[in-house]
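Participant: Below: sequence and its predicted model.
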Amino acid sequence: MAELFDGLAGESTVMHPIAGMGEPYHYRNKVVSPYAPGRRIKPKAAKAAKGDKRASTREDKHAPTHEILCGMYAAGTHRIVPTDACLIENRIAKKIILAVRDLMPSFRIEPYREDANTGFLRHAIVRVGHTSGEVLVTLVTNGRQFPGSKALVRELVKRCPEITSIVQNVNTRQTNVILGTDEIRLYGLGFILDKLCGLSFRISSQSFYQVNASQTEVLYRRAIELARLTGDETVIDAYCGTGTIGLVAACGAEQGKGARRVIGVDETVSAIRDARANAQHNGIENAEFVACDAGIFMRDLAAEATERIDVVLMDPPRSGATEDFLKALVALSPQRVVYISCNPETQARDVAYLVERGYAVEAVQPVDMFPHTEHVENIVVCCNNT
Ligand SMILES: C[S@@+](CC[C@H](N)C(=O)[O-])C[C@H]1O[C@@H](n2cnc3c(N)ncnc32)[C@H](O)[C@@H]1O
């Protein structure tokens, strides 16, 4: 991080040491697994003498022809590495992924075959609430008709009583994108609640939610401390997801002073629906949320020029912010920009854009959100020098 930001840091830039995690195991609260056919299973009948009539019995006709693989993809490939345990994944989530695999043959659910776009179950995604313990299971299927879904749900919940919601997500496209848009609630409310920094958040299958909840609290506290809110500011929470950081900033949860007003923007409609519900059930009235591309939203805001923006909190996806977004950000000229990123390389590129246009890097604060991996989360605070 020091190398990456060396050319951008000034004399007064503070490079904070990385905020580490006390117990860096089983922290991933979201576990995703594909299901795919593995090795062919030799029919029992094949072992028996030729002419054995058992091969044509009803039971054998429906017997699975292949092993079912689940686990993770080998890096940069779609080759599944079967994994029954993982030191960074939540244990309950992993148990559910394996229970689905074990139930598939008896419910005659075929795993998805990527090359031929055949088979039924593509992925399971399990999300576990860090403090609530609520569990949402999303079964991604290659078709809407789900024969036997009620019985499967009953059996899955019996085996894994921690489950509080099950959703079927339909994705029939031959694509690498895991989720489709069509969803059917199979069990429970279709979302889970979790607590972060003293506030309660609703998370549905499509919304972004940080994968390491306890380090997210460290990240948000540091980001809001570094934003130095006094209670007078109008704050933009760009790429806000379910509104988590913006709502913590709006009420100053655990930090003392919050912002006067927070405006959150995200392009995912369901995330904004969750963000509004989150504001409401936490009783926060000084935060509003807009479903829109962040670049377009900022451009329009800069063109209107009706309100002074004091602080921009931004947390874009790995690709970073667009030039349109950065251009509008500079036009809005907020006093402070608190830039959170899970990809410091694109972050450094965007910070360079701001530095070239009069901003100075005040602080760099890495946070170890993904222990035992090469990834790191980073906060950069830029101040307006003009
Ligand atoms: C890294 S997540 C951050 C979410 C949130 N700040 C949090 O901590 O949970 C990035 C978010 O950017 C949103 N996003 C991606 N591209 C976008 C765009 N062009 N405009 C607005 N939002 C976008 C995604 O939907 C996602 O919620």
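Facilitator: Structure received.

Participant: Helices of this structure, start to end?
Facilitator: 2-6, 44-47, 58-61, 91-103, 149-159, 213-227, 244-251, 269-281, 294-304, 323-332, 344-356 (DSSP state H).

Participant: Just the pLDDT for the residue in the chain that the ligand sits nearest to.
Facilitator: Using Cβ to the nearest ligand atom, the single residue of the chain nearest to the ligand is G241, 2.8 Å away. Where you see a C-beta, it was placed from the backbone N, CA and C, and this is true even at glycine. Looking at G241, its pLDDT reads 94.

Participant: contacting residues for it?
Facilitator: 207-209, 266, 268, 271, 275, 315 (Cβ atoms under 8 Å, 6 or more residues apart in numbering).

Participant: Out of those residues, which are close to the ligand?
Facilitator: 208-209, 266, 268, 271, 315 (Cβ under 6 Å from any ligand atom).

Participant: By neighbours, which of those residues wins?
Facilitator: Most neighbours among the ones next to the ligand among the contacts of G241, by other Cβ atoms under 10 Å: D266, with 28 neighbours.

Participant: from memory that one sits against R273, does it?
Facilitator: No: counting by Cβ atoms under 8 Å, R273 is not a contact partner of D266; they are 10.4 Å apart.

Participant: residues contacting the closest residue to the residue of the chain closest to the ligand other than its chain neighbours?
Facilitator: Spatially, and ignoring its direct neighbours in sequence, G241 is nearest to F208 (4.1 Å; Cβ to Cβ, 6 or more residues apart in numbering). Applying Cβ under 8 Å, 6+ apart, we find F208 in contact with 241-242, 268, 271.

Participant: Tell me the pLDDT of A46.
Facilitator: Per the predicted model, pLDDT is 46 at A46.

Participant: And G51, by the same measure?
Facilitator: For G51, the pLDDT comes out at 46.

Participant: for the contacts of F208, which one is nearest D115?
Facilitator: T268 (29.9 Å; Cβ to Cβ).

Participant: what about the longest strand in the protein?
Facilitator: strand 30-40 (DSSP state E).

Participant: what does that one rub up against?
Facilitator: 65-73, 78, 80, 82, 89-90, 93-94, 96-97, 100-101, 104, 110-114, 119, 121-128, 178, 209, 211.

Participant: swap the cut-off to 6 Å and go again
Facilitator: 66-70, 80, 89, 93-94, 97, 111, 121, 123-127, 211 (Cβ atoms under 6 Å, 6 or more residues apart in numbering).

Participant: Direction included, what does it pair up with?
Facilitator: Strand 30-40 pairs in its sheet with strand 66-73 (antiparallel), strand 121-128 (antiparallel), by DSSP bridges.

Participant: want to throw the ones you listed into TSV with mean pLDDT?
Facilitator: Below are these laid out as TSV (pLDDT from 0 to 100):
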stretch	mean pLDDT
strand 66-73	94
strand 121-128	98
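
Participant: Could you dump the ones you listed into JSON lines with mean neighbour count and distance to C292 added?
Facilitator: Listed next are the strands paired with strand 30-40 as JSON lines, based on neighbours: other Cβ atoms under 10 Å; distance: least, Cβ to Cβ, whole Å:
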{"stretch": "strand 66-73", "mean neighbour count": "18", "distance to C292": "33"}
{"stretch": "strand 121-128", "mean neighbour count": "24", "distance to C292": "25"}
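
Participant: which bits of this structure sit near the ligand?
Facilitator: 208-210, 239-241, 244-245, 266-268, 271, 293-294, 315-317.

Participant: let's go with 8 Å and repeat that
Facilitator: Within the chain, the residues that sit near the ligand (Cβ under 8 Å from any ligand atom) are 207-210, 216, 219-220, 237-246, 265-268, 271, 292-297, 313, 315-319, 322, 325, 340-342.

Participant: Show me just the buried residues among the residues you listed.
Facilitator: 207-210, 216, 219-220, 237-246, 265-266, 268, 271, 294-295, 297, 313, 315-316, 322, 325, 340-342 (16 or more other Cβ atoms under 10 Å).

Participant: So what are the structural domains in this structure, by residue number?
Facilitator: 2-24+212-384, 30-194 (automatic domain parsing).

Participant: any idea which of these scores lowest on pLDDT?
Facilitator: Across the domains of the chain, the lowest-scoring stretch is domain 30-194, with a mean of 90.

Participant: What's the end-to-end length of that one?
Facilitator: 13 Å (Cα to Cα, to the nearest Å).

Participant: returning to what we had before: what's the most buried one of the domains of the chain?
Facilitator: domain 2-24+212-384 (a mean of 19; mean count of other Cβ atoms under 10 Å).

Participant: Quote the end-to-end distance of that one.
Facilitator: Termini of domain 2-24+212-384 sit 22 Å apart (Cα to Cα).

Participant: Kindly report the same for stretch 248-259.
Facilitator: 9 Å.

Participant: Use 201 as the first number from now on
Facilitator: From this message on, residue numbering opens at 201, which makes the last subject stretch 448-459.

Participant: Let me know the pLDDT of N585.
Facilitator: At N585, pLDDT is 80.

Participant: Tabulate the strands paired with strand 230-240 (CSV), appending distance to Q480.
Facilitator: Output for the strands paired with strand 230-240, formatted as CSV (distance: least, Cβ to Cβ, whole Å):
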stretch, distance to Q480
strand 266-273, 37
strand 321-328, 21
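
Participant: So which residues make contact with stretch 567-577?
Facilitator: With Cβ under 6 Å, 6+ apart as the test, stretch 567-577 has contacts from 218-221, 224, 288, 412, 415, 418-419, 542, 566.

Participant: And stretch 444-453, by the same measure?
Facilitator: Contacts for stretch 444-453 (Cβ under 6 Å, 6+ apart): 396-399, 401, 420, 424, 435, 437, 440, 458-459, 462, 464, 478, 484, 486-487, 513.
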